[in-house]
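Visitor: predicted structure and sequence below. I'll ask about it afterward.
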Amino acid sequence: MSMIEFHDVEKYYGKFHALKDINLTIERGEVVTIIGPSGSGKSTLLRTINGLERISSGQLIVNNFDLADKKTNMNKIRKNVGMVFQHFNLYANKTILDNITLGPLMVLKRDKAEVEKEAYDLLDMVGLKDQAKKYPAMLSGGQKQRVAIARSLAMKPAAILFDEPTSALDPEMIGDVLDVMQTIAKEGMTMVVVTHEMGFARRVGDRIVFMADGQILEDASDVNGFFDH
Ligand code: ADP
Ligand code: ADP
């Protein structure tokens with residue numbers, strides 16, 4: 001079974017038609033980048049995948065969960081599918097370490113010593129092991145985003161969604177965040193990434209989906225060919 005399957009999906013916000021006839025299949029381990037103009041529905045598409053928005057009609061299967069079914073428990077989806085936001089969404093009054101361990105401890109009810117050990121390994125992976133006891137306000141934007149990625153990974157998700165993860169960052173911090181994302185991609189994580197970073201889309205992505213006006217205009221598995229026309 002594929003990780004994510006959209007079949008004839010429509011999404012309305014009231015009368016506004018935000019997603020139009022979306023058909024999209026994403027395999028396990030695939031890295032799909034989504035590009036397109038502002039307001040084209042990229043964020044809406046992403047948010048339907050972890051149940052932050054419900055689809056209006058059609059079929060949406062994520063990690064074997066049926067998201068069109070009103071009985072499906074959205075908390076289970078969010079345990080399975082991580083999300084990294086443009087503005088980090090870290091808990092300001094918690095340390096970096098606590099930001100990462102909170103989900104595994106409170107939501108997954110896991111053992112504290114084990115969770116903390118894993119959190120330090122994740123902080124090491126994102127290059128922030130020495131920042132564990134600091135608070136988010138003491139970190140740069142790029143560092144905060146790397147913490148947000150580590151926090152997402154700590155839940156051991158089946159897939160991670162990224163909604164313009166570098167758009168709020170100063171240019172000199174973007175590279176470190178993209179490097180971490182590339183590392184995760186290489187380890188086989190399924191990733192759906194809304195981004196303006198064409199270099200990343202081209203280098204790391206297996207496919208590029210181009211959206212405009214709520215529709216998928218192009219779904220290019222030939223990532224380099226995409227840029228030729
Ligand atoms: P993108 O991520 O490509 O910029 P969005 O998915 O954020 O696009 O938005 C697509 C369209 O849906 C926009 O016109 C936006 O104003 C509208 N929209 C997004 N969220 C809502 C909402 N909660 N209620 C009403 N309209 C919304
Ligand atoms: P980067 O290394 O991602 O470019 P900065 O240059 O902004 O980040 O930060 C370098 C160091 O200074 C980091 O260790 C960070 O924790 C620390 N730092 C940044 N801003 C503040 C702040 N407002 N208060 C305390 N420490 C800070």
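Guide: That came through, no problem. Numbers count the residues shown, from 1 in each chain. Ligands and ions are numbered 1, 2, ... in the order given.
Visitor: what's the nearest residue to the closest residue to ligand 2 within the chain if we skip its chain neighbours?
Guide: Of the residues in the chain, the one nearest ligand 2 is Ser140, at a distance of 3.1 Å by CB to the nearest ligand atom. Heads up, the C-betas are built off the backbone N, CA and C, glycines and all. Closest residue to Ser140 apart from its sequence neighbours, by CB to CB, 6 or more residues apart in numbering: Met173 at 6.0 Å.
Visitor: secondary structure element for the one you found?
Guide: Element membership for Met173 (DSSP states H and E) is helix 171-186.
Visitor: partners of the helix or strand that that helix is followed by in the sheet?
Guide: Past helix 171-186, further along toward the C-terminus, the next helix or strand under DSSP H and E is strand 190-194. Each strand paired with strand 190-194, and its direction, by DSSP bridges: strand 31-35 (parallel), strand 159-163 (parallel).
Visitor: reformat those into JSON lines and put distance to Lys71 and mean pLDDT next to each item.
Guide: Compiled in JSON lines, the strands paired with strand 190-194 are given as follows (distance: least, CB to CB, whole Å; pLDDT from 0 to 100):
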{"stretch": "strand 31-35", "distance to Lys71": "28", "mean pLDDT": "97"}
{"stretch": "strand 159-163", "distance to Lys71": "22", "mean pLDDT": "98"}
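Visitor: so which of those gets nearest Met3?
Guide: strand 159-163 (5.6 Å; CB to CB).
Visitor: now that closest one against helix 171-186, angle please.
Guide: Here strand 159-163 points in a direction 160 degrees away from that of helix 171-186 (axes from the mean of the first three to the mean of the last three CA atoms, to 10 degrees).
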